[in-house]
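Enquirer: Test case, fold it:
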Amino acid sequence: MTIDRLRRILTPVIVVAALVGVYLVVRGEGPEAARSFARAEAVPLVAASLAANVAGLVLAVHAWRVLLPGDHPIRGLYAAKIYFLGQLSKYVPGRVWGVLTHVAHGRAVGVPGSQMTSAYVLSLALTLLTGAAVSLAAAPVALPGHWMWLCLPALFFLASTLRPALVTRPVAAAARLARRPVATPPDGAVRRAVLLAVASWTASGLHLWFLVLALGAEPWGGLGAAVGGFALATVVSSLALIVPDGWGVRELTITAALATVLPAGPAAAAAIASRLVCVVAELGSAGLVLGWSRLRPAPTARPAPAPTAEPPPTTTPTPTAPDTGTGTPPDTAHADTGTAPAPPHGDPHAPHRLTPLGEARVHP
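Expert: Next up is the predicted model:
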């Protein structure tokens, strides 16, 4: 049995099993928890949840953008367009559409495909690294009294931020083995990308915290569980390659993380609500960016420097006819046109007539 056939069989099995598991958890107290989101006092929290997720997406665009080396027109609205098109590709079967989208749109404005691929691969690696680091925020609640050993991963994350080569070199080595060389950006760009990615994870995790607050959880107790649990669930679901966008896997992981601050039913309801908020934020932001980009011209590749203008050709002064002393003025017609007198008709030894400047003919 081939790997592709095994994937086609396992994908629906895992998705259905995960969704059934979520349903079994949510069927008890889930309906009551779902009605909690419709309360008047919960509506501002749901709106804040949506806004926090959009903010996380905006920060993620900047975190990817700083990894593109050089001066290029991929910035602002066009950078957001490329990023959101890559995000939408995750809903399409297959794992290559995101990078193909980035490469195609980068080449359209003069950025080489190798640079777009390098930024995509490094962004993916840094996203997983920073997501794993932010997920440690859930450790004090999920592992009370036993979370100190997680300080080692935290120290590694701090060291990799100070020395980005600890992350970029292994990624570049793995890319060389896959015959997809990666150009390593400067350390300063990597540090900025790491900080922006951490901010993106934090803002995105706050959307789950607002949902937890709408269900009546303790504010500060649910903060670490929500932010860290969302980061952990997203990283785990991203590694589940046979499940499209981690459907079911992310919900089960979020439910387990929130079960430390909420009953099982409301925790599962918050996980499902989180999925809905994320889908609405992604599709709404992508639609807004794509619609706005149609109203503005796309950036163009920077033109090559214009060649230096050549100096105008110099003209040779026309010699004047000598004074014959006879009082006869020189041939003024020939003097005005800059030509010599026409030779007598049929004289083969007479000088050829000069062609006036500006009427020169180029013969093949």
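Enquirer: where's the residue lying closest to His72 once chain neighbours are set aside relative to Thr202, distance?
Expert: Closest residue in space to His72, ignoring its immediate chain neighbours: Val111 at 5.1 Å, by CB to CB, 6 or more residues apart in numbering. (C-beta placed from N, C-alpha, C; glycine too.) Relative to Thr202, Val111 is positioned 30 Å away (CB to CB, to the nearest Å).
Enquirer: neighbour-wise, which of these two wins?
Expert: With neighbours defined as other CB atoms under 10 Å, Val111 and Thr202 compare such that Val111 has more, 22 against 19.
Enquirer: pLDDT on the longest helix along the chain, on average?
Expert: Looking only at the chain and at elements set by DSSP state H, the helix with the highest residue count is helix 264-295. Within the predicted structure, the mean pLDDT of helix 264-295 is 86.
Enquirer: Which elements pack onto that helix?
Expert: In this structure, helix 264-295 makes packing contacts with helix 3-26, helix 30-36, helix 43-65, helix 76-88, helix 187-214, helix 249-258, judged by 3 or more CB pairs under 8 Å, 6 or more residues apart in numbering; DSSP states H and E.
Enquirer: 10 Å instead, please
Expert: Using 3 or more CB pairs under 10 Å, 6 or more residues apart in numbering; DSSP states H and E, the elements in contact with helix 264-295 are helix 3-26, helix 30-36, helix 43-65, helix 76-88, helix 187-214, helix 219-239, helix 249-258.
Enquirer: Same list, those, but as a markdown table with mean pLDDT please.
Expert: Shown next, in a markdown table, are the helices and strands packed on helix 264-295 (pLDDT from 0 to 100):
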| stretch | mean pLDDT |
| --- | --- |
| helix 3-26 | 62 |
| helix 30-36 | 66 |
| helix 43-65 | 93 |
| helix 76-88 | 82 |
| helix 187-214 | 93 |
| helix 219-239 | 87 |
| helix 249-258 | 87 |
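Enquirer: related to what we said a few turns ago, show me what counts as buried in the longest helix of the chain.
Expert: Using 16 or more other CB atoms under 10 Å as the test for burial, helix 264-295 gives 264-275, 277-278, 281-282, 285-286, 289, 293.
Enquirer: tilt between it and helix 219-239?
Expert: The directions of helix 264-295 and helix 219-239 differ by 70 degrees, with axes from the mean of the first three to the mean of the last three CA atoms, to 10 degrees as the criterion.
Enquirer: tilt between helix 264-295 and helix 249-258?
Expert: Orientation check (the same axes, to 10 degrees): helix 264-295 against helix 249-258 gives 130 degrees.
Enquirer: Now do helix 264-295 and helix 43-65, the angle between them.
Expert: Using the same axes, to 10 degrees, the inter-axis angle of helix 264-295 relative to helix 43-65 is 60 degrees.
Enquirer: report the angle between the axes of helix 264-295 and helix 187-214?
Expert: 130 degrees.
Enquirer: first to last residue in stretch 102-122, what's the distance?
Expert: Counting by CA to CA, to the nearest Å, you get 13 Å between the two ends of stretch 102-122.
Enquirer: Now Arg75: closest residue in space that isn't a chain neighbour?
Expert: Nearest non-adjacent residue to Arg75, counting by CB to CB, 6+ apart: Arg65, 6.6 Å away.
Enquirer: OK, contacts around the one you found?
Expert: Counting by CB atoms under 10 Å, 6 or more residues apart in numbering, Arg65 makes contact with 74-76, 78-80, 82-83, 119, 123, 189, 192-193, 196.
Enquirer: Switch those over to JSON lines; also include neighbour count and distance to Leu50.
Expert: Formatted as JSON lines, the entries for the contacts of Arg65 read as follows, by neighbours: other CB atoms under 10 Å; distance: CB to CB, whole Å:
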{"residue": "Ile74", "neighbour count": "24", "distance to Leu50": "27"}
{"residue": "Arg75", "neighbour count": "14", "distance to Leu50": "26"}
{"residue": "Gly76", "neighbour count": "12", "distance to Leu50": "23"}
{"residue": "Tyr78", "neighbour count": "21", "distance to Leu50": "25"}
{"residue": "Ala79", "neighbour count": "20", "distance to Leu50": "22"}
{"residue": "Ala80", "neighbour count": "22", "distance to Leu50": "17"}
{"residue": "Ile82", "neighbour count": "27", "distance to Leu50": "23"}
{"residue": "Tyr83", "neighbour count": "27", "distance to Leu50": "19"}
{"residue": "Ala119", "neighbour count": "26", "distance to Leu50": "28"}
{"residue": "Ser123", "neighbour count": "22", "distance to Leu50": "24"}
{"residue": "Ala189", "neighbour count": "18", "distance to Leu50": "31"}
{"residue": "Arg192", "neighbour count": "17", "distance to Leu50": "27"}
{"residue": "Ala193", "neighbour count": "24", "distance to Leu50": "25"}
{"residue": "Leu196", "neighbour count": "22", "distance to Leu50": "21"}
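Enquirer: Which single one of the residues you listed is nearest to Leu59?
Expert: Leu196 (5.5 Å; CB to CB).
Enquirer: Tell me the spacing between the nearest residue to that closest one once chain neighbours are set aside and Ser89.
Expert: By the measure of CB to CB, 6+ apart, the closest residue to Leu196 outside its immediate chain neighbours is Ala63, 3.7 Å from it. With distances taken as CB to CB, Ala63 is found 18 Å from Ser89.
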